[in-house]
Each structure stands twice: as structure tokens, then as C-alpha cells.
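> With the sequence up front, the predicted model follows.
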Amino acid sequence: MGNGEQAEQRVIVALDVPDEQSAIALIDQLPQVTFWKVGLELFTSTGPKILEELKSRQKRIFLDLKFDDIPNTVAGACRSAARYGVDLLTIHATAGRDALKAATEAAQEGAVKAGVEPPKLIAITLLTSISARQLAFDLKIPLELPEYALEMALLAQESGLDGAVCSPQEVAQLRQTCGDDFLLVCPGVRPTWSDNADQKRSLTPAQAIKAGADYLVIGRPITTATEPELAWKRISEELTTVA
Ligand SMILES: O=C(O)c1cc(=O)[nH]c(=O)n1[C@@H]1O[C@H](COP(=O)(O)O)[C@@H](O)[C@H]1O
């Protein structure tokens, strides 16, 4: 999916804002952005209205609702979300094999019924805000972090999902093991000039693409910059060196 696209089209900008008005202001300010992510904050605030707005502008959409529940419930959520005709949709790999399989089937069904393209369903392996220390001491996971992220990606792949969300620090290993057709989307991307904030496992945009990411998800380094257009331009320029 990512290969062959212009470098800047591989950046998905996270629309993490509280309301429709702020979202539209950002979309207007950054007309070069072709792929936007609508996540929990904005979708909870506006509902599907914001998706219609993005579609009317021919934008691609990553609907990041990170479903995590029992099989019947995630299947229902994916069936409903697929009707919106979005490009990407997320579920946590920790929902487990049965839930991942049910979600995949339901997303297909929902899209077919609505007469739209099914979304690519991708699994969160391990949130990029979790450090190796937190994985061991808070979540009590007795695996090394890279191994855990890989296991979650393989579970998603075996369950029929299209890809995974992982930190740029694990993407090379996941690419090598899961192959070129498995979509790998990396948040937690930070240009050298930006603040890490709550992200624990970052790399720069150029490093993340070089390591094998299909798409990068970048929010605050662009959206909270004093000049978002300039931040976007700097990231696009950085990416032309690797594309
Ligand atoms: O699914 C995601 O997109 C996601 C997964 C993950 O592990 N880490 C992560 O940061 N994200 C999202 O990626 C975006 C990152 O935003 P910034 O940290 O502002 O660049 C946010 O919208 C997060 O919800």
C-alpha cells in the first residue's frame, strides 16, 4: 500500500482535537495532507460527521477507535465502522485470536452490505507510550518488548488482519518476519526538532520509513506547532531523502 506513493502521502496526520470546528480549521490549514487520522477524542466529540467532511474533500481516513472487547462486541463495532468506507481501522491485538477473526469477517460484511471498499483492519501490537520497564513491571508481561510486539503482530497476521500498528523501533523486525504485504503503520514518530511528550519508543520520520514503515502517524509535532504548515514542510523534505 505504502510503496510507490510519494513520500509525503505516507504521513497520516492525527486530528487529535476536541471538536469539529478545530478539526476543520486544521484540515483547511494543511491542504497538502491527503491522509488524516480520526481518533477517540474527535470521534467521541463529533461522531461520523467528521468522516463525511473528510470524504467530501477526497481525503483518505484512518479511523482509529482501537476496539478491545469480546468477539461479539468487536465484530459488531467493526461491522458498523466498515460502513463508513474508511481506509484503515484499528483493534487491539490483546482482544485475542477469536475477536480478531470475528472482527475481520465483520468488517468485510459491513463494507459489502454498505457497498463500500472494506477497511484495512490493523492491530495495535503495543502502545508506543509503553516502555520496556512498564511492560515488565506494570503490565507484568514476561517477554522482552520486541518479542512481545512481534508475537502480537504474528497473532494479527494469523487471524487474517491486514497489518499492525507498531513503534518505529520494532518495525524492521516486524517487516522482516511478517513480509512485504503486511501493512505496518508507525505512530510515535518524532522529528529531531520536536518534543517526545508521552511517546516512549520513537524514531525520526526518515528512520521510520527506512526501517520499513508503510505509513507514519504524526500528530502534535505538526498540529501543535506554532506554524503547522512549516512543520509539515520540514517533515516532507526530510522524507524526500529516503523515498
Ligand atoms: O493507533 C494509533 O494510531 C496509535 C497507536 C500507538 O501505539 N501509539 C499512538 O500514539 N497512536 C496514535 O498516534 C497518534 C500520535 O500522536 P502524536 O504523539 O501527537 O504524534 C495519536 O493519535 C495516538 O492515538
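Yep, that arrived.
> Quick check, the residue in this structure closest to the ligand?
residue 219 (2.7 Å; Cβ to the nearest ligand atom). Backbone N, C-alpha and C define where each C-beta goes, glycine included.
> Tell me how many other residues crowd that residue.
Using other Cβ atoms under 10 Å, residue 219 has 19 neighbouring residues.
> How about the contacts made by the closest residue to it other than its chain neighbours?
The shortest distance from residue 219 to any residue that is not its chain neighbour, by Cβ to Cβ, 6 or more residues apart in numbering, is 3.2 Å, and that residue is residue 14. Residue 14 makes contacts with 36-37, 39, 64, 187, 217-220, 223, as judged by Cβ atoms under 8 Å, 6 or more residues apart in numbering.
> with these in mind, which one is nearest to residue 160?
Distances from those to residue 160 were compared by Cβ to Cβ; the smallest belongs to residue 64, at 19.8 Å.
> Then the closest one would be within a helix, right?
No: following the definition DSSP: H, G, I helix; E, B strand; the rest coil, residue 64 is strand and is not counted among the residues of a helix.
> Surely it is in contact with residue 41?
No: proximity of residue 64 to residue 41 does not meet the contact threshold set by Cβ atoms under 8 Å, at 10.1 Å.
> quick one: which of those two has more around it?
For residue 64 and residue 41, the more surrounded residue by other Cβ under 10 Å is residue 64, and the numbers stand at 25 against 15.
> interface residues of the protein facing the ligand?
With Cβ under 6 Å from any ligand atom as the criterion, the chain meets the ligand at residues 14, 16, 37, 39, 64, 90, 124, 127-128, 165, 187-188, 197, 199, 217-221.
> ok so, going back, export the contacts of residue 14 to CSV and tack on pLDDT and secondary structure?
As requested, those are arranged in CSV below (pLDDT from 0 to 100; DSSP: H, G, I helix; E, B strand; the rest coil):
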residue, pLDDT, secondary structure
36, 98, strand
37, 98, strand
39, 98, coil
64, 98, strand
187, 98, coil
217, 98, strand
218, 98, strand
219, 98, coil
220, 97, helix
223, 97, helix
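> packing partners for the helix or strand that residue 102 is a member of?
Here residue 102 is covered by helix 97-114, with elements defined by DSSP states H and E. Counting contacts by 3 or more Cβ pairs under 8 Å, 6 or more residues apart in numbering; DSSP states H and E, the secondary-structure elements packed against helix 97-114 are helix 71-82, strand 88-92, strand 120-124, helix 145-158.
> Let's have these in JSON lines, adding mean pLDDT, distance to residue 110 and mean neighbour count.
Written out in JSON lines, the entries for these read as follows (pLDDT from 0 to 100; distance: least, Cβ to Cβ, whole Å; neighbours: other Cβ atoms under 10 Å):
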{"stretch": "helix 71-82", "mean pLDDT": "98", "distance to residue 110": "3", "mean neighbour count": "20"}
{"stretch": "strand 88-92", "mean pLDDT": "98", "distance to residue 110": "10", "mean neighbour count": "25"}
{"stretch": "strand 120-124", "mean pLDDT": "98", "distance to residue 110": "11", "mean neighbour count": "25"}
{"stretch": "helix 145-158", "mean pLDDT": "98", "distance to residue 110": "19", "mean neighbour count": "20"}
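> quick one: which of these is nearest residue 20?
Relative to residue 20, the nearest member of these by Cβ to Cβ is helix 71-82, separated by 18.7 Å.
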